[in-house]
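J.: Sequence first, then the predicted structure:
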Amino acid sequence: MTVKEFKNVLYYFCNKWSQNECNLVFNGPNFDLTKWKFSLGEHLWNKWINACEHHGGSLDCITWYILEGMDNSCLEKIINRVEEIYGRETD
């Protein structure tokens, strides 16, 4: 990950991350929460809220969530979404 890509992930969490965004990334745009018993987006949103309650500042929360709260496949979805919003790094 380049410095620009890393900064974009931080910008994303500080400026865009929300419950709707979490559901969009992990459930997709057409997911209907009323039709399913389990939602990865809702699960990870609850994990995010828990992280924020137990880690003092937003950067601590973001750090824990990225490093400990998600597996690599989930992190790849976040990175793909960040690239959609902020653009891909081109060299």
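T.: Great, that's in hand.
J.: packing partners for the helix or strand hosting residue 60?
T.: Using DSSP states H and E, residue 60 sits within helix 58-64. Applying 3 or more C-beta pairs under 8 Å, 6 or more residues apart in numbering; DSSP states H and E, we find helix 58-64 packed against helix 3-15, helix 40-54. Every C-beta, even on glycine, is put in place using the N, C-alpha and C of the backbone.
J.: ok, now which ones touch the most centrally placed residue in the chain?
T.: With distances taken as C-alpha atoms, centre = their mean, residue 78 lies nearest the centre of the chain, 5.0 Å away. Applying C-beta atoms under 8 Å, 6 or more residues apart in numbering, we find residue 78 in contact with 9, 12, 25, 66, 70.
J.: Using a markdown table, lay out those together with pLDDT.
T.: Below are these laid out as a markdown table (pLDDT from 0 to 100):
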| residue | pLDDT |
| --- | --- |
| 9 | 90 |
| 12 | 93 |
| 25 | 95 |
| 66 | 86 |
| 70 | 88 |
